[in-house]
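K.L.:
Build me a model:
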Amino acid sequence: SLPNLRNLKRNVRKIRQRSQNPLSLPTTRDSIVIDPHVVPELYFQLYTIHATYLSHIVPIVYILLRGKKQRLYKEMLQQIKNLIPNFDPPNIMIEHERATMNEIKKQFSSSNIRMLFPFIENEDFAKQICSLPSLALLHVPDVIPTFDEIKMQFPAEGEPVLKYFEDFYIGVKGRLSRPRKAAKCDILLWNANDNTIQGQHRTNNAVHDWNNRFASLINCNHPNFWKFLHGLKKEQSYVEGEIIEALAGVRKSRRIHQIRQGTRILNITNEPTITNFEEVMTLTHIISLKKS
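P.N.:
This next block holds a predicted model:
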């Protein structure tokens, strides 16, 4: 059952008092990643906000929500802004969910909002639908013309995937001279060209790694409230250790295959002598390569 609110507040105050030197929220963060995940039975999701801090991606906010309605996200963001008045990240990356996206646009109108493209580096997905994920790496104006080229050569057995992709990410082309319908997910949200060139994150792999670690820490799908809080305390100790390491000059090293793949992708995206279609085909091959 849910603990008494008065007892819960008292316990939270005691925990805060025991922390002699609590670490403040990193002030040099330049982007945040938002992702939902393991919760007690009375709640629908644990919403976490992660910040990039000195090459480390660390969770900075944990929120328990009872549903996925836009009014809940509105209240959540307002509470965050009340607690952290200067919370105004220049970059926000989020998995696509319309209610969250709408509210974030209202609350952080000056932020650069991008959708995390979860399957851009998924090898199985890349093999199944060939070149579609690679469109995210092109310049925005080149995406639709290149998609039309791909569509002309797409295998018949892949038609359902192609139709879904066009409807959701591109926008269905109108008949005769009618304009193309607006995509359900705007190209500006899922395009990763700027992030690639600037060396920023294209995927939500780091956040999924955190989700897996936290789920392993809790070790059940629906913990009771006290076990959940105990898990959060242990996780926060780990996060504070990471922040201390970052302040001491420790930097997260990338895997060799990630460095090689990133270099190859940059080489192709900066190559002026190939067509956009050739670029997509080459990027598809690079993304689907095994670790090498």
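
K.L.:
Helices of the stretch 101-250 of the chain, residue ranges please.
P.N.:
Taking DSSP state H, counting those that start in this stretch as the criterion, the stretch 101-250 of the chain carries its helices at 123-129, 140-153, 159-165, 187-190, 193-197, 205-218, 225-247.

K.L.:
Mind checking the ones you listed for the one nearest to residue 262?
P.N.:
Residue 262 lies closest to helix 193-197 among the helices of the stretch 101-250 of the chain, at 8.1 Å (C-beta to C-beta). The C-beta positions use only the backbone N, C-alpha and C, and glycine is treated the same way.

K.L.:
Quick check, residue 104 in contact with residue 113.
P.N.:
Yes - with contacts defined as C-beta atoms under 8 Å, residue 104 counts as touching residue 113 at a distance of 6.2 Å.

K.L.:
Common neighbours of these two, please.
P.N.:
92, 94 (C-beta atoms under 8 Å, 6 or more residues apart in numbering).

K.L.:
Point out the one among the helices of the stretch 101-250 of the chain that comes closest to residue 273.
P.N.:
helix 140-153 (15.2 Å).

K.L.:
Least reliable of the helices of the stretch 101-250 of the chain by average pLDDT, please.
P.N.:
By mean pLDDT, the lowest-scoring of the helices of the stretch 101-250 of the chain turns out to be helix 123-129, with a mean of 51.

K.L.:
Point me to the helix or strand that includes the residue nearest to residue 279 when sequence neighbours are not counted.
P.N.:
Spatial nearest neighbour of residue 279, excluding adjacent residues (C-beta to C-beta, 6 or more residues apart in numbering): residue 268 at 5.8 Å. Residue 268 is located in helix 256-269, with elements delineated by DSSP states H and E.

K.L.:
can you confirm residue 62 is in a strand?
P.N.:
Yes - checked against DSSP: H, G, I helix; E, B strand; the rest coil, residue 62 lies within a strand.

K.L.:
looking at it, it is touching residue 48, isn't it?
P.N.:
Yes - the pair formed by residue 62 and residue 48 meets the contact definition of C-beta under 8 Å, at 5.7 Å.

K.L.:
Compare neighbour counts for those two and give me the winner.
P.N.:
Comparing residue 62 with residue 48 by other C-beta atoms under 10 Å, the one with more neighbours is residue 48, at 20 against 15.

K.L.:
Can you list the strands that the host helix or strand of the more buried one pairs with?
P.N.:
Taking DSSP H and E as the criterion, the element that holds residue 48 is strand 45-53. Partners of strand 45-53 in the sheet, by DSSP bridges, are strand 31-36 (antiparallel), strand 56-65 (antiparallel).

K.L.:
can you list the weak-confidence ranges in the stretch 1-150 of the chain?
P.N.:
Across the stretch 1-150 of the chain, residues meeting the criterion (pLDDT under 70) sit at 1-38, 96, 116-130.

K.L.:
80 instead?
P.N.:
The stretch 1-150 of the chain contains residues with pLDDT under 80 at 1-42, 53-55, 95-98, 114-130.

K.L.:
what's across from residue 91 in the sheet?
P.N.:
For residue 91, the residues forming beta bridges with it (DSSP bridges) are residue 31, residue 112.
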